[in-house]
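A.B. asks: okay, predicted coordinates and the sequence, questions at the end:
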Amino acid sequence: MRKGMKWAVSFMAAGLLLAGLTACSNSDNKDNSAGPASSKFASIEQLKKDGKVRIGVFADKPPFGYVDADGKNQGFDVYIAKRFAKDLLGDESKAEFVLVDAASRVAYLESNKVDIIMANFTVTDERKEKVDFANPYMKLSFGIVSPDSAPVTSIDQLKEKGQKLIVAKGTTAETYFTKEYPDIELLKFDQYTEIFAALKDGRGAAIANDNTELIAWAKSNPGFTVSIPAFGGQDTIAPAVAKGNTELLNWINTELETIGKEQFIHQAYSDTLNEVYGEGYTDELVVEGGKVE
């Protein structure tokens, strides 16, 4: 099946799952959100006793986190998360994947619905006030995708009357444009499926998001181009834990350093991202050992 068709099926599956689920296991996709939320996080000893680690991932953001046609969690973030579960609990199947959207990532950590967020989480000073970030495993910047028939090649174009910029709620792109370009009208959606649908049906002139995601989407959607490939400086993507969960934070940092010695993040890129970006983007995107070169 062609890559674009696979992702189309994945987006449909993700939409159905998100309508009925807030949590999804990588093996049977059971709803694990039931029960009272607690603000206290589990110790590593407790995670081992429970035999599971709850990891928040995206359902609709290929190739980083998505649900495939068989209902399985896939993608770059998921690949790394499975290794975490294997090294922490002895079996990658002990990763209990919880489906999150961009706006709910902080809340899911604060309410103890997940132990770790691995949902393409960009490190920002504002988020650092609410969660603790581990060391990074990826770097990126902002990009803009627009139709070939009406390319947006400069941010100033978006200031024109009638132009709307599409963003996902809770993303750094939303924060950036709200702060730096308050005169640009933003069209906001909760889900990534919604922002791409809005661009396709002409409700907005362009989408602003991480350039990594936009490059991948444009390659599988003829008629659209990443018309501004990079702006706004360089950011990093990292796992996050609840504020104050130093034990798990330290474990993740040590784990990233350990798997970095075997170039594991490069392997994750090769197995999940190479088909999308090619070898030429490896050095541009991968952070190995938790340290940005």
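C.D. replies: Here it is on my side, so go on. Residues are numbered from 1 along each chain as shown.

A.B. asks: can we go C-alpha only for contacts and neighbour counts from here?
C.D. replies: Noted.

A.B. asks: least trustworthy helix or strand in the chain by mean pLDDT?
C.D. replies: Counting by mean pLDDT, DSSP states H and E, the weakest-scoring helix or strand in the chain turns out to be helix 3-20, with a mean of 47.

A.B. asks: other residues contacting stretch 145-160?
C.D. replies: 144, 163-165, 183-185, 199, 205-208, 214, 218, 223-228 (C-alpha atoms under 8 Å, 6 or more residues apart in numbering).

A.B. asks: actually stretch 278-292, sorry about that
C.D. replies: 135-140, 253, 256-261, 263-266, 269, 293.

A.B. asks: can you spell out which helices and strands pack onto the strand or helix carrying Ala268?
C.D. replies: Following DSSP states H and E, one finds Ala268 within helix 264-272. Using 3 or more C-alpha pairs under 8 Å, 6 or more residues apart in numbering; DSSP states H and E, the elements in contact with helix 264-272 are helix 76-89.

A.B. asks: name the nearest residue to the residue positioned nearest the centre of the chain, ignoring sequence neighbours.
C.D. replies: Of all residues in the chain, the one closest to the mean position by C-alpha atoms, centre = their mean is Asn120, 2.6 Å from it. Once flanking residues are discounted, Asn120 sits nearest to Ile237: 5.9 Å by C-alpha to C-alpha, 6 or more residues apart in numbering.

A.B. asks: that neighbour touches Phe133, doesn't it?
C.D. replies: No. Taking C-alpha atoms under 8 Å as the definition, Ile237 is not a contact partner of Phe133, at 9.2 Å.

A.B. asks: between these two, which contacts overlap?
C.D. replies: Val123.

A.B. asks: follow-up on the earlier one: can you name the residues bridging to the residue nearest to Asn120?
C.D. replies: Per DSSP bridges, the residues bridged to Ile237 are Thr122, Met138.

A.B. asks: count of residues packed around it?
C.D. replies: 24 (other C-alpha atoms under 10 Å).

A.B. asks: again with Leu47
C.D. replies: Neighbours of Leu47 using other C-alpha under 10 Å come to 17.

A.B. asks: and if you look at Thr246?
C.D. replies: Thr246 - counted by other C-alpha under 10 Å - has 14 other residues nearby.

A.B. asks: also Thr258?
C.D. replies: Thr258 - counted by other C-alpha under 10 Å - has 15 other residues nearby.

A.B. asks: can you check the one 10 residues further on too?
C.D. replies: By the other C-alpha under 10 Å criterion, the neighbourhood of Ala268 contains 19 residues.

A.B. asks: please tell me how far the residue of the chain positioned farthest from its centre sits from Asp115.
C.D. replies: Farthest-out residue of the chain from its mean C-alpha position, per C-alpha atoms, centre = their mean: Lys161, at 31.8 Å. As for Lys161, its distance to Asp115 is 44 Å (criterion: C-alpha to C-alpha, to the nearest Å).

A.B. asks: how about Tyr66?
C.D. replies: 19 Å.

A.B. asks: kindly report the same for Lys139.
C.D. replies: Lys139 is 23 Å from Asp115, by C-alpha to C-alpha.
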